[in-house]
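Participant: sequence first, predicted coordinates after that:
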Amino acid sequence: MRILAPMEDVTDTVFRRILAELAPPDLYFTEFLRADLFHPRFSGRMQRRLEFSEAERPIIAQIWGNNPADYAIATTRLRQIGYDGIDINMGCPAPKLVKKGCCAGLIRTPKKAAELYAASCDAAQGLPVSIKTRIGLDTPETEDWIGFLLELKPAAVTVHGRTAAEMSDPPADWEQIACAVELRNRISPTTVMVGNGDIASAAQLQTAAAASGVEGVMIGRGIFEDLLVFRRHGRPWIEQPRAVVFETFIRHVELHNSYWQGERNFEILKKFARAYLHGLPEFETLYSQVMRYHDHGSLVAFLRQAVQQAVPGLE
Ligand SMILES: Cc1cc2nc3c(=O)[nH]c(=O)nc-3n(C[C@H](O)[C@H](O)[C@H](O)COP(=O)(O)O)c2cc1C
């Protein structure tokens with residue numbers, strides 16, 4: 001199973017819709033959603049973040065926080081909206097969140113982690129509840145931590161093969177992921193194991209899955225290397241015709257504008273410029289030009305003009 005990783009300010013409904021058209025994964029994750037903001041008094045603030053189109057199914061909503069009551073409210077709402085499952089973030093290493101005992105901070109407080117999971121399960125009424133985490137906080141503690149989580153018998157566990165302290169720096173440790181699979185076989189054979197870290201091509205995905213024994217591979221930053229990474233066959237994004245590259249980027253910018261209507265910052269879109277344009281011969285120039293724009297209309301006008309200036313002999 002090929003899974004799109006949750007990525008804040010990346011995997012919003014707009015980008016998920018683009019991927020659904022280009023090369024859909026087998027499963028989508030939302031960005032992480034703050035459980036305490038599901039309280040009815042914040043409903044307006046969350047609404048647009050929670051919507052998705054049918055093309056983005058199956059879709060898992062990921063939540064974070066540290067209060068079981070919030071998890072119950074959040075899970076109930078997500079179930080009512082129609083999500084296919086709930087995932088609990090126990091892996092984000094942001095120091096501010098870890099300090100508050102959220103996300104990877106839960107590795108320090110397994111009892112709290114179990115309470116949050118139980119609160120979600122009760123409210124999920126049979127909807128699958130999964131956990132995404134790392135192999136430890138400061139040092140690998142796969143046996144203890146992942147072993148503990150597996151005792152809870154979650155529907156799935158995603159293991160990002162780094163400790164929280166490692167952030168995104170050293171290569172992901174797929175041997176630890178393979179250890180997690182062995183633990184699963186022993187402790188909770190029905191839990192689906194998902195490996196995550198540094199996969200950027202369909203070939204790497206197959207090798208990693210075969211070597212570690214996971215049923216699913218989750219891809220995050222690899223999507224920026226190849227927007228077609230979830231395709232099983234065919235040419236990578238950098239070999240796509242020039243017109244397709246520009247038309248898709250323009251579609252993303254326009255969809256972002258019409259969907260978010262100013263609720264989300266235009267600047268977020270700049271994260272995608274490299275992903276769309278990096279195969280073009282004049283990438284460096286185009287990239288620095290894109291960085292100068294600060295609104296949707298001007299960027300679209302620039303991209304429309306740029307697509308006309310095809311380099312002779314290159315489609
Ligand atoms: C920009 C960005 C935002 C992320 N946001 C989330 C998030 O909201 N929830 C989460 O569990 N992980 C988040 N992550 C971590 C990814 O889901 C993934 O675990 C990590 O990038 C390692 O996988 P990769 O090597 O395939 O990118 C984020 C990563 C990036 C780069």
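Facilitator: Sure, I can see it. All of these numbers come straight from a predicted model, not from anything done at the bench. Residues are numbered from 1 along each chain as shown.
Participant: residue of the stretch 101-250 of the chain closest to the ligand, please.
Facilitator: residue 220 (2.7 Å; CB to the nearest ligand atom). (C-beta placed from N, C-alpha, C; glycine too.)
Participant: separation between that residue and residue 168?
Facilitator: From residue 220 over to residue 168 the distance is 9 Å, taken as CB to CB, to the nearest Å.
Participant: give me the more crowded residue out of those two.
Facilitator: Neighbours were counted for residue 220 and for residue 168 using other CB atoms under 10 Å; residue 220 has more, 21 against 12.
Participant: where in this protein is pLDDT low?
Facilitator: 310-315 (pLDDT under 70).
Participant: can you pull the residues of it lying near the ligand?
Facilitator: The chain comes close to the ligand at residues 5-8, 10, 31-32, 62, 89, 91-92, 132, 160, 196-199, 219-222, as judged by CB under 6 Å from any ligand atom.
Participant: mind listing which of those residues are in helices?
Facilitator: With helices taken from DSSP state H, the overlap with the residues of the chain next to the ligand comprises residue 222.
Participant: which of the residues of the chain next to the ligand are buried? Put it as a ChimeraX command.
Facilitator: Selecting only the buried entries of the residues of the chain next to the ligand in ChimeraX, with 16 or more other CB atoms under 10 Å as the criterion:
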select :5,6,7,10,31,32,62,89,91,92,132,160,196,197,198,199,219,220,222
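Participant: list the contacts for the residue of the stretch 101-250 of the chain closest to the ligand?
Facilitator: 5, 7, 196 (CB atoms under 8 Å, 6 or more residues apart in numbering).
Participant: doesn't residue 31 make contact with the second one?
Facilitator: Yes - taking CB atoms under 8 Å as the definition, residue 7 is a contact partner of residue 31 at 6.6 Å.
Participant: ramachandran coordinates for the residue nearest to residue 240 when sequence neighbours are not counted?
Facilitator: Spatially, and ignoring its direct neighbours in sequence, residue 240 is nearest to residue 279 (7.2 Å; CB to CB, 6 or more residues apart in numbering). With angles defined as degrees, to the nearest 10, residue 279 sits at phi -90, psi -10.
Participant: same deal with residue 193?
Facilitator: With angles defined as degrees, to the nearest 10, residue 193 sits at phi -100, psi 130.
Participant: in the sheet, who's paired with it?
Facilitator: residue 157 (DSSP bridges).
Participant: surely it touches residue 184?
Facilitator: Yes - using CB under 8 Å, residue 193 is in contact with residue 184, at 5.0 Å.
Participant: give me the common contacts of these two.
Facilitator: Joint contacts of residue 193 and residue 184 (CB under 8 Å, 6+ apart) are residue 157.
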